[in-house]
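Q: have a look at this prediction, sequence included:
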Amino acid sequence: MFDESLYPALLVGLSAPDDAAVWRLDDERALIFTVDFFTPVVDDPYDWGAIAAANALSDVYAMGGQPFLALNVAAFPARLPEEMIAQVLLGSAEKVREAGAIVAGGHTLDDEEPKFGLAVLGMASPRRLGTKAGAQPGDLLVLTKPLGVGIITTAHKADEASPEHMAGAVDTMKRLNRDAAQALESVTPHAVTDITGFGLLGHSYEVVRESGVRLRLRWEAIPFLAGAQQYAQDLLFPAMASKNMGDYGPQVRFANHLEYEDQLLLFCPETSGGLLVSLTPDDTDAYLAACHKAGQQAWVIGQALPLDSGENAIEVA
């Protein structure tokens with residue numbers, strides 16, 4: 001419908017889908033625009049608001065930007081107590097303020113199924129945009145949050161998750177990707193995305209598709225939240241995990257020792273997940289040092305390899 005060649009200021013749009021749209025304002029500034037919202041993943045309304053905000057803000061960080069303005073996107077049942085709605089909005093507002101941005105309005109409608117999120121504007125340098133395109137053979141892959149919130153929150157809904165495991169998942173989801181993104185300022189990332197609804201392997205395949213490389217991930221190096229692998233053995237997966245496996249599974253070759261439950265865990269959707277960054281080995285060392293200095297966790301989980309038509313796009317060894 002839109003011929004993007006007619007809009008030269010649109011640096012990232014539908015023709016090369018990424019974590020957010022990007023519009024060049026001038027040689028020094030690019031505007032990042034994103035929106036994300038979802039149904040509750042936790043019981044506490046304040047935590048839901050904070051998680052929804054961290055999740056929406058993450059797209060700006062993944063694109064190499066700094067958020068500055070947000071609008072609420074909300075749908076609540078008419079019967080929902082006002083104090084609960086106030087807690088959702090408060091949790092979101094305080095997380096946005098933590099990010100150094102401001103909530104300036106929004107839109108709310110009545111809906112029997114509650115939904116909440118944000119539309120977020122950010123600013124970045126056009127020369128330092130983080131996109132999924134650009135990973136190069138020889139790069140190392142760094143992940144900045146452990147996996148597992150999808151299966152833990154699903155186990156919680158089934159009354160199978162321990163309070164300690166659920167608390168760990170909530171803390172991870174509420175954590176901004178700000179420090180992980182700021183640590184990138186001292187290096188030159190080749191590709192960046194955040195891990196959300198398509199799971200680690202779904203978003204990894206997006207990097208493969210946009211960058212023209214293949215990826216080798218090391219199972220033993222991939223971090224998981226406490227409880228995630230236990231609930232995987234109990235097959236307490238959300239439905240989206242199987243859908244992701246159906247969509248992206250043909251692109252992946254697993255080592256023989258990895259069981260079905262292990263494989264499905266890497267397709268499990270994440271909420272407010274970490275960044276996946278592709279860097280040269282030297283920049284990886286510098287990035288890990290910057291993350292350590294900022295108190296930010298980071299793990300090297302694999303590498304990018306030359307694309308070979310005879311190989312699967314992703315290998316998990």
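A: Arrived safely. Numbering: from 1, shown residues only.
Q: so is residue 67 in a helix, a strand, or just coil?
A: strand (DSSP: H, G, I helix; E, B strand; the rest coil).
Q: now residue 62, what are its backbone angles?
A: Backbone torsions of residue 62, given as degrees, to the nearest 10, read phi -60, psi -30.
Q: that one touches residue 180, doesn't it?
A: No. Residue 62 is beyond contact range of residue 180, at 9.4 Å (criterion: CB atoms under 8 Å). Bear in mind the C-beta positions are built from the backbone N, C-alpha and C, glycine included.
Q: joint contacts of these two?
A: Applying CB atoms under 8 Å, 6 or more residues apart in numbering, one finds that residue 62 and residue 180 are jointly contacted by residue 275.
Q: any idea how far residue 317 is from the residue sitting furthest away from the middle of the chain?
A: In terms of distance from the mean C-alpha position of the chain, residue 79 ranks first, at 32.2 Å (CA atoms, centre = their mean). Using CB to CB, to the nearest Å, we find residue 79 at a distance of 52 Å from residue 317.
Q: residue ranges of the helices in the stretch 151-300 of the chain, please?
A: 163-174, 178-182, 199-211, 228-233, 239-248, 260-265, 281-294 (DSSP state H, counting those that start in this stretch).
Q: which of these is buried the deepest?
A: Most buried of the helices of the stretch 151-300 of the chain by mean neighbour count (mean count of other CB atoms under 10 Å) is helix 199-211; its value is a mean of 24.
Q: contact partners for residue 16?
A: 131, 133, 210.
Q: please tell me I have it right and the last one contacts residue 133.
A: Yes. With contact taken as CB under 8 Å, residue 210 and residue 133 are classed as touching, separated by 4.0 Å.
Q: among the helices of the stretch 151-300 of the chain, which comes closest to residue 70?
A: helix 178-182 (14.1 Å; CB to CB).
Q: and that closest one, what does it pack against?
A: Secondary-structure packing of helix 178-182 (3 or more CB pairs under 8 Å, 6 or more residues apart in numbering; DSSP states H and E): helix 45-62, strand 275-279, helix 281-294.
Q: reformat the ones you listed as CSV; add distance to residue 17 and mean pLDDT.
A: Compiled in CSV, the helices and strands packed on helix 178-182 are given as follows (distance: least, CB to CB, whole Å; pLDDT from 0 to 100):
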stretch, distance to residue 17, mean pLDDT
helix 45-62, 12, 98
strand 275-279, 16, 98
helix 281-294, 25, 98
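Q: now distance to residue 38 too, for the ones you listed, in a markdown table please.
A: Shown next, in a markdown table, are the helices and strands packed on helix 178-182 (distance: least, CB to CB, whole Å):
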| stretch | distance to residue 38 |
| --- | --- |
| helix 45-62 | 7 |
| strand 275-279 | 19 |
| helix 281-294 | 27 |
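Q: so which of those is nearest residue 263?
A: Per CB to CB, nearest to residue 263 of those: strand 275-279, 18.2 Å.
Q: give me the distance from the closest one to the chain's centre.
A: 11 Å (CA atoms, centre = their mean, to the nearest Å).
Q: just stretch 307-317 next, same as before
A: 23 Å.
Q: could I get the CA-only coordinates of that stretch as PDB?
A: The C-alpha coordinates for stretch 307-317 follow below in PDB (Å, rounded to 0.1, in the frame of the first residue of the first chain):
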ATOM      1  CA  LEU A 307      25.200 -18.700   5.600                       C
ATOM      2  CA  ASP A 308      25.200 -22.100   4.000                       C
ATOM      3  CA  SER A 309      22.200 -23.200   2.000                       C
ATOM      4  CA  GLY A 310      22.900 -26.800   3.000                       C
ATOM      5  CA  GLU A 311      22.600 -26.000   6.700                       C
ATOM      6  CA  ASN A 312      19.800 -25.100   9.000                       C
ATOM      7  CA  ALA A 313      19.500 -21.400   9.800                       C
ATOM      8  CA  ILE A 314      20.000 -22.100  13.500                       C
ATOM      9  CA  GLU A 315      21.900 -24.800  15.300                       C
ATOM     10  CA  VAL A 316      21.500 -25.500  19.000                       C
ATOM     11  CA  ALA A 317      24.500 -27.600  20.100                       C
END
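Q: check which residues of it are buried.
A: Of the residues in stretch 307-317, 312, 313, 314, 315, 316 count as buried by neighbour count, 16 or more other CB atoms under 10 Å.
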